[in-house]
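Participant: Below is the structure, and that's it, no one-letter string:
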């Protein structure tokens, strides 16, 4: 489905859930499965999280295609999800850092689509964390407001339940919002961040945690944060990323954590896996 048709369908779905301009109400994503029939697994209760609602038209216009089942590109993210699950079973990896070489290569869109694709699977949950502290943008991409995020937890010690948002998609929660942080590298490597990542990794065995992290060449944030996660996905913009920058970025990142890279060309995505 092309973008124009998808936007028209999103508008029809929006109108059918209230008739006026605005987001779909929470829970209005029937294409996301709950649990496999006959399974003892139950979806979590979201009463302790903030509730928001994705604006489907905004999300689709920002190429967050995995919130809808109508895009062929979703299959590319399913391939990436399958590869990551295979690696995860081998090495018990469930914390994933998504970054890029430089700005403008599609890392945030990739993180959102990958997280939504994980949420489509049975018997697991996914938490998407906006760890780009200088530029909180995931909630903007999905079209809902948020005044608090990771910085509030790290600096202001706001309780975790007050920064986690359930955007109305089953098995999918998000941390995104709040004020930007200029001295972000220090927070990315702080003891409180280390404790948080370890807690998110170990609290729920059926949860994947995906972190959207600043570009490698944009500062020290990605390099500071990389040791805290299980694996790294590097987004490469076709026609944008310079070969010498890609080589340098790969040299800077810990090779034992590299799960693969994503070639992002406009709204088409191809996933590749490294051989380790």
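Facilitator: Looks like it came in fine. Remember, it's a predicted structure, so these values are computed and weren't measured experimentally.
Participant: how would you label residue 173: helix, strand or coil?
Facilitator: strand (DSSP: H, G, I helix; E, B strand; the rest coil).
Participant: can you start the count at 280 instead of 1 from here on
Facilitator: That works, and once the first residue is 280, the last one we named lands at residue 452.
Participant: mind listing what it touches?
Facilitator: Applying C-beta atoms under 8 Å, 6 or more residues apart in numbering to residue 452 gives the contacts 325, 328, 404-407, 443-446. The C-beta positions use only the backbone N, C-alpha and C, and glycine is treated the same way.
Participant: just residue 529 next, same as before
Facilitator: 513, 537.
Participant: what does residue 508 give?
Facilitator: Here residue 508 is in contact with 374-376, 476, 490, 536 (criterion: C-beta under 8 Å, 6+ apart).
Participant: Stretch 417-429: which residues count as buried?
Facilitator: Of the residues in stretch 417-429, 417-423, 425, 427-429 count as buried by neighbour count, 16 or more other C-beta atoms under 10 Å.
Participant: go on, stretch 515-526?
Facilitator: Of the residues in stretch 515-526, those buried (16+ other C-beta under 10 Å) are 515-516, 519-520, 524-525.
Participant: Out of the residues you listed, the closest to residue 350 would be?
Facilitator: Closest to residue 350 out of the buried residues of stretch 515-526 is residue 516 (19.2 Å), distances taken as C-beta to C-beta.
Participant: Which residue is the nearest non-sequential neighbour of the closest one?
Facilitator: In space, and not counting its chain neighbours, residue 516 is closest to residue 384: 3.4 Å by C-beta to C-beta, 6 or more residues apart in numbering.
Participant: just checking, the one you found touches residue 495?
Facilitator: No - the criterion here is C-beta atoms under 8 Å, and residue 384 misses it with residue 495 at 10.4 Å.
Participant: Compare neighbour counts for those two and give me the winner.
Facilitator: residue 495 (26 against 22; other C-beta atoms under 10 Å).
Participant: Any chance of TSV for the buried residues of stretch 417-429, columns secondary structure?
Facilitator: Listed next are these as TSV, based on three-state DSSP:
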residue	secondary structure
417	helix
418	helix
419	helix
420	helix
421	helix
422	coil
423	coil
425	coil
427	coil
428	coil
429	helix
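Participant: that older thread, sec struct for the residue nearest to residue 516, please.
Facilitator: Going by three-state DSSP: residue 384 is coil.
Participant: which residues touch it?
Facilitator: Here residue 384 is in contact with 494, 514-516, 519-520, 543 (criterion: C-beta under 8 Å, 6+ apart).
Participant: Lowest-confidence one in those?
Facilitator: Ranked by pLDDT, the contacts of residue 384 bottom out at residue 543, which has 83.
Participant: what's around it, how many residues?
Facilitator: 23.
Participant: tell me the contacts of it?
Facilitator: Contacts of residue 543 by C-beta under 8 Å, 6+ apart are 384-385, 388-389, 514-517.
Participant: In the stretch 280-429 of the chain, where is pLDDT below threshold?
Facilitator: Residue ranges of the stretch 280-429 of the chain with pLDDT under 70: 280-327.
Participant: where exactly do the strands run in it?
Facilitator: 329-330, 374-379, 404-409 (DSSP state E, counting those that start in this stretch).
Participant: Need the winner for burial among the ones you listed.
Facilitator: strand 374-379 (a mean of 26; mean count of other C-beta atoms under 10 Å).
Participant: Residues in contact with that strand: which ones?
Facilitator: With C-beta under 8 Å, 6+ apart as the criterion, strand 374-379 contacts 363, 385-386, 389-390, 393, 410, 476, 479-480, 487-495, 501, 504-505, 507-516, 520, 536, 538.
Participant: Give me the buried subset of those.
Facilitator: 363, 385-386, 389-390, 393, 410, 476, 479-480, 487-495, 501, 504-505, 507-516, 520, 536, 538.
Participant: follow-up on the earlier one: show me the contacts of strand 374-379 that map onto strands.
Facilitator: 487-491, 510-516, 538 (DSSP state E).
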